[in-house]
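1. Quick check, what structure comes out for this input:
(one chain, ligands or ions: 1)
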Amino acid sequence: MPTTNDRRPATRVGYGFDSHEFQLGIPLKIGGVTLPHDRGLGGHSDGDVLLHAITDALLGAAAAPDIGTLFPPSDPKWKGADSAVFLREALKRVRDEGYAVANVDASLILAAPKIGPHAAAIRSEVAKLLGVPADCVGLKAKTPEGLNLENAALAHAVVLLQRARKPGQKKKSRR
Ligand code: MG
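-> Now for the predicted structure:
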């Protein structure tokens, strides 16, 4: 239980958005899952639009620098990087601030492939990466009706953090 003089907010919300363009001949990774498709999402890293949006939501909730600032596309270090690396760093920052993930909700907007058949696998993988149960990860998929965005994938994500005891607090004795 947080100490009574803990003035940090009990909850914090974060929001993230990302988009990537489809390119032929590369794997499609969404939420850490490789989906069967004839094209993937281009980008400096593995192009995982969903993990990028969730990462930015976590960073935003912690008022930390955004994903592009922490992992600049100009840095060759992140070429082809597994986006789970970015998510883990954001999660570490959240935990270092003394917060835990309560739940995350995301919307994917893309013309193809259909996400429905893969939604359970994606939710499960995202939950595993975040260290929360799968029923704490919401995922909706929509087609880009009227947006003329047939060759792009977009992701929006919100995350709710709840205050947790910092590792050092529990053993702290009163003088
Ligand atoms: Mg991105």
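
2. Give me the secondary structure label for the residue in the chain positioned nearest to the ion.
-> Ranked by CB to the ion, the top residue of the chain for proximity to the ion is residue 52, at 3.6 Å. Bear in mind the C-beta positions are built from the backbone N, C-alpha and C, glycine included. In three-state terms, and counting by DSSP: H, G, I helix; E, B strand; the rest coil, residue 52 is helix.

3. and it, what does it touch?
-> 16, 18, 20, 45, 67, 83, 86, 155 (CB atoms under 8 Å, 6 or more residues apart in numbering).

4. Quick one: name whatever helix or strand follows the host helix or strand of the second one.
-> This points to residue 18. Using DSSP states H and E, residue 18 falls within strand 11-24. With elements assigned by DSSP H and E, the helix or strand that comes after strand 11-24 is strand 28-30.

5. so what does that following strand touch, helix or strand wise?
-> strand 33-35, strand 39-41 (3 or more CB pairs under 8 Å, 6 or more residues apart in numbering; DSSP states H and E).

6. which neighbours does the first one have in its sheet, and in what orientation?
-> This points to strand 33-35. Strand 33-35 pairs in its sheet with strand 28-30 (antiparallel), by DSSP bridges.

7. And the partner strand, how far out from the chain middle?
-> The chain centroid and the centroid of strand 28-30 are separated by 13 Å under CA atoms, centre = their mean, to the nearest Å.

8. And the ion, is it touching that?
-> No. For strand 28-30, no contact with the ion is found by CB under 5 Å from the ion; the gap never falls below 11.3 Å.

9. Phi first, then psi, for residue 127.
-> phi -60, psi -40 (degrees, to the nearest 10).

10. Could you do residue 86 as well?
-> According to degrees, to the nearest 10, residue 86 has phi -70, psi -40.

11. what does residue 100 give?
-> Torsion angles, degrees, to the nearest 10, at residue 100: phi -130, psi 150.

12. Need the residue closest to the centroid of this structure.
-> Residue closest to the mean C-alpha point of the chain, counted by CA atoms, centre = their mean, is residue 54 at 1.9 Å.
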